[in-house]
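Participant: requesting a structural model of the entry that follows:
(2 chains)
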Amino acid sequence: MAFLEIDNLQKRFGTVDVLKGINLSVEEGGFLVLVGPSGCGKSTLLNTIAGLESITGGEIRINGRAVNDLHPSQRDIAMVFQSYALYPNMTVGQNIAFGMEMRGVPKAERDKAVAGVAKTLQISHLLDRKPSQLSGGQRQRVAMGRALVRDPQVFLFDEPLSNLDAKLRVDMRTEIKRLHQSMKTTIVYVTHDQIEAMTLATVIAVLKDGVLQQFGTPHEIYNNPANVFVADFMGSPAMNLIPARIEANGGGVAVVMSRDGLAPLQLKVANDSKLSAHAGREVIFGLRPEAITDMSGADRTSARVVNADCHVEVVEPAGADTYVVTRLGGREVIGRMRSDMQVAPHSTVPFAFNMDKAVYFDPQSELRIA
Amino acid sequence: MAHASPETAVRTNLAVRALIYSILIIFAVYYLLPLYVMLVNSVKPLDEIRQGNMMALPQLFTIEPWLSAWSTAQIGVQPTGLKPYFINSVLMVIPAVAISTMIGALNGYVLTKWRFRGDGIVFGLLLFSCFIPFQIVLIPMARILGLLGLAGSTPGLILVHVVYGIGFSTLFFRNYYDAFPTELIRAAQIDGAGFFRIFWRILLPSSGPIIVVTVIWQFTNIWNDFLFGASFSDVDSQPVTIALNNLVSSSTGVKEYNVHFAGAVLAALPTLIVYIVSGRYFVRGLMAGAVKG
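Facilitator: Numbering: from 1, shown residues only, chains lettered A, B, ... in the order given. Next comes the predicted model:
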């Protein structure tokens, strides 16, 4: 039995279904990231776990105990809010101790707990300041301190890094990961940033319009997306999703795409029974930018790298890599080449397609077919 | 040439500034003139006023009119001065302001942070009470006060002012709390604070500016009220506004203008003091929410 279980959870606001039957489960010590575009219901889902929103149907269990009807303070959870939600009239120390004060913990014990948490987060020197006298990063730490001091069964994070500048966000992300590794407490974390999701999670739940699109490890989500939405949402730059056609090609099948100024591109695929069932039909061919490279940059462990000439439209050097844009099947396709590749725009150069990484979707249902 | 040199720009700027300042000064003088007349004439002997020069400074300075207005002048039939009525007003204003502010704060808290079905309608109805003319409720209110056994008493007047004040105080607090981050309430809920604890510990400590605004507003309105005082009070509960009227219209002997002026300043003093002491916060409170703090 999992530690945090969400069973067929439904939430309706008036006539609007916000969550349509969500099923999730996390093992003890797991790090679940809820990710999706804004309005997908991820924050609502977190709030229902916290008990800040009531639910319309289904059940939420923490450590085997149904918490549906429990008040937020009785669910043994702690939450870090997007705006940090520090009480402006209290000092940092009082902020961290407020929950314990409400539960009637004696003053001496409170002070000891606050001091301990402050030491962990390196905010001991800030304890007598008011939140208004702190920087964004410091407020973030205090908000985490307030959650940590509770020592709860589950931590809930609601987009905690979205108000920080880019550099601090990366630092805090590492810090959260380190804290999780040392405390081993179960965490549910909401973000719209797919990189945060990939780096932090042990399991990711991708949501869209109140429906769970895919639930799996970061590796599964990234390499085996269940549908076009997940494929497109996770990864930056996004996966190339190219309208293509499957055709029988001596013994095996090939993916055929129109190509700018050249004959249609044919990429041979190993004999795949799932794919050959679609021979003669249109599909959406998905390949991540890092699987479209220059020939010498191609993955040597891959069994099937196909080389083909393509017309280069735009070249975007990004320091570590150079992104090269071509056009296949009428779509812009981004390939990731080594930065020392000399590629000129409007030239035709050989691209290496790593077909091991290719995924295929049905253009109508947008579901994965192979 | 048509080019405006920097010097002319500076000169025009100065001229505009001078114009603005002189207009503002004229207005200020215009507004301060009645106060000047009242103060100057309240410290003159009656003879000097009778000579007809209201604007002149006193030749003979005396505080006799003030003492008389405070403790010996004829109010109606009693030579008590304004003192007992002033005390009546204080006894009425302080509880009325405190209670209506408190209820307004609670209403604002519930209407923004503990939303319920139909809260918009409730707020609309409360707002409506801001616009009901006083005259309309005089007779029903008299009946209610009679039924409650509060007619002609200070508690009765307090009730009337509280009922009338809730509309405005709710409006102030609701708009202020509307901008108060709901995440703070949620954080406090998770921390285990209940309805009243969140109110006391989180919301009220952050409500300074709006409390000042509400208190000034309520204090001024209730202190200056004449109609309710005239309608619902007896001799021993009349507020100072009624007494001032009675002082001025008592027609035994000569009209003591200097005493009347002194009485009027006395009656206006508390509101004046409230404005001077907390006017800064008043403006700040009205601006709160306009800019993020």
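
Participant: what residues does chain B put near chain A?
Facilitator: By C-beta under 8 Å from any C-beta of the partner chain, the residues of chain B that approach chain A are B:181, B:183-184, B:186-193, B:197, B:201-202, B:205-206. The way it works is simple: take the backbone N, C-alpha and C, and place the C-beta from them, glycine included.

Participant: what stretches of the stretch 101-250 of chain B score poorly on pLDDT?
Facilitator: Judged against pLDDT under 70, the stretch 101-250 of chain B has no low-scoring part.

Participant: which residues in it form strands?
Facilitator: Counting by DSSP state E, counting those that start in this stretch, the stretch 101-250 of chain B has no strands to list.

Participant: what's the answer for the stretch 101-250 of chain A, then?
Facilitator: For the stretch 101-250 of chain A, the strands defined by DSSP E, counting those that start in this stretch cover A:154-158, A:186-191, A:203-208, A:211-216, A:240-249.

Participant: packing partners of the helix or strand of chain A with the lowest mean pLDDT?
Facilitator: The helix or strand with the lowest mean pLDDT-type score in chain A, counting by mean pLDDT, DSSP states H and E, is helix A:273-276 (a mean of 78). Based on contacts counted as 3 or more C-beta pairs under 8 Å, 6 or more residues apart in numbering or on different chains; DSSP states H and E, the elements that helix A:273-276 packs against are strand A:240-249, strand A:252-259.

Participant: what about the helices in the chain?
Facilitator: Using chain A here. If DSSP state H is used as the criterion, the helices of chain A fall at A:42-50, A:92-102, A:107-120, A:136-148, A:166-183, A:194-200, A:218-223, A:228-233, A:273-276.

Participant: if you could check chain B rather than the one you did, that'd help
Facilitator: Counting by DSSP H, residue ranges of the helices within chain B are B:6-42, B:46-50, B:64-67, B:83-113, B:119-128, B:134-148, B:154-178, B:182-190, B:195-198, B:208-224, B:227-232, B:240-249, B:257-287.

Participant: of those helices, which is nearest residue A:85?
Facilitator: The closest of these to residue A:85 is helix B:182-190. By C-beta to C-beta, the value is 4.0 Å.

Participant: domain parsing for chain B?
Facilitator: Recorded structural domains for chain B (assignment: automatic domain parsing) are B:6-67, B:83-287.

Participant: chain A too?
Facilitator: Following automatic domain parsing, one gets these domains for chain A: A:4-230, A:240-361.

Participant: coming back round to it: would you list the strands of the stretch 101-250 of chain A in TSV and tack on mean pLDDT, mean neighbour count and distance to chain B?
Facilitator: Output for these, formatted as TSV (pLDDT from 0 to 100; neighbours: other C-beta atoms under 10 Å in any protein chain shown; distance: least, C-beta to the nearest C-beta, whole Å):
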stretch	mean pLDDT	mean neighbour count	distance to chain B
strand A:154-158	92	25	8
strand A:186-191	94	25	13
strand A:203-208	94	24	21
strand A:211-216	94	19	24
strand A:240-249	89	19	37
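
Participant: out of those strands, flag the one nearest residue B:137.
Facilitator: Smallest distance to residue B:137 across the strands of the stretch 101-250 of chain A (C-beta to C-beta): 48.1 Å, for strand A:154-158.

Participant: and the angle from that closest one to helix B:182-190?
Facilitator: Put simply, strand A:154-158 runs at 170 degrees to helix B:182-190, going by axes from the mean of the first three to the mean of the last three C-alpha atoms, to 10 degrees.

Participant: strand A:154-158 to helix A:166-183, inter-axis angle?
Facilitator: Per the same axes, to 10 degrees, the angle that strand A:154-158 makes with helix A:166-183 is 170 degrees.

Participant: which strands and helices sit next to strand A:154-158?
Facilitator: Where contact means 3+ C-beta pairs under 8 Å, 6+ apart, strand A:154-158 is packed against helix A:42-50, strand A:77-80, strand A:186-191.

Participant: of all the ones you listed, which one is nearest residue A:132?
Facilitator: Relative to residue A:132, the nearest member of these by C-beta to C-beta is strand A:77-80, separated by 18.9 Å.

Participant: pairing partners for the closest one, with directions?
Facilitator: Taking DSSP bridges as the criterion, strand A:77-80 forms sheet pairs with strand A:154-158 (parallel).

Participant: picking up where we left off before, got the helices and strands packed on strand A:154-158 as CSV, with distance to residue A:290 columns?
Facilitator: Below are those laid out as CSV (distance: least, C-beta to C-beta, whole Å):
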stretch, distance to residue A:290
helix A:42-50, 27
strand A:77-80, 33
strand A:186-191, 22
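
Participant: ok so, going back, nearest to residue A:299, of the helices of chain B?
Facilitator: Of all the helices of chain B, it is helix B:182-190 that lies closest to residue A:299, at 45.6 Å by C-beta to C-beta.

Participant: buried residues in that closest one, which are they?
Facilitator: Applying a neighbour-count criterion of 16 or more other C-beta atoms under 10 Å in any protein chain shown, one finds B:182-190 buried in helix B:182-190.

Participant: which helices and strands does that helix pack with?
Facilitator: Packed against helix B:182-190, as judged by 3+ C-beta pairs under 8 Å, 6+ apart, are the following elements: helix A:42-50, strand A:77-80, helix B:195-198.

Participant: now do the second one: everything it contacts.
Facilitator: This points to strand A:77-80. By C-beta atoms under 8 Å, 6 or more residues apart in numbering or on different chains, the surrounding residues in contact with strand A:77-80 are A:46, A:49-51, A:62, A:99, A:143-144, A:146-148, A:150, A:152-158, A:160, B:186-187, B:190.

Participant: report the buried residues of that strand.
Facilitator: In strand A:77-80, residues buried by neighbour count (16+ other C-beta under 10 Å) are A:77-80.

Participant: and those, which is closest to chain B?
Facilitator: If you rank those by distance to chain B using C-beta to the nearest C-beta, residue A:79 comes first, at 5.3 Å.

Participant: tell me the pLDDT at that closest one?
Facilitator: The predicted structure scores residue A:79 at 92 on the pLDDT scale.

Participant: any idea how far residue A:147 is from it?
Facilitator: Residue A:79 sits 7 Å away from residue A:147, taking C-beta to C-beta, to the nearest Å as the criterion.

Participant: measure the residue lying closest to residue A:323 once chain neighbours are set aside to chain B for me?
Facilitator: Computed as C-beta to C-beta, 6 or more residues apart in numbering or on different chains, the closest residue to residue A:323 that is not its neighbour in sequence is residue A:316, at 4.2 Å. To chain B, residue A:316 is 37 Å away according to C-beta to the nearest C-beta, to the nearest Å.

Participant: shouldn't residue A:316 be in contact with residue A:332?
Facilitator: No: in this structure residue A:316 lies outside contact range of residue A:332 using C-beta atoms under 8 Å: 11.5 Å.

Participant: what is in contact with those two at once?
Facilitator: Common contact partners of residue A:316 and residue A:332 (C-beta under 8 Å, 6+ apart): residue A:325.

Participant: circling back to that earlier point, what's the most buried one of the helices and strands packed on helix B:182-190?
Facilitator: The densest packing among these, expressed as mean neighbour count by mean count of other C-beta atoms under 10 Å in any protein chain shown, is seen in strand A:77-80 with a mean of 26.
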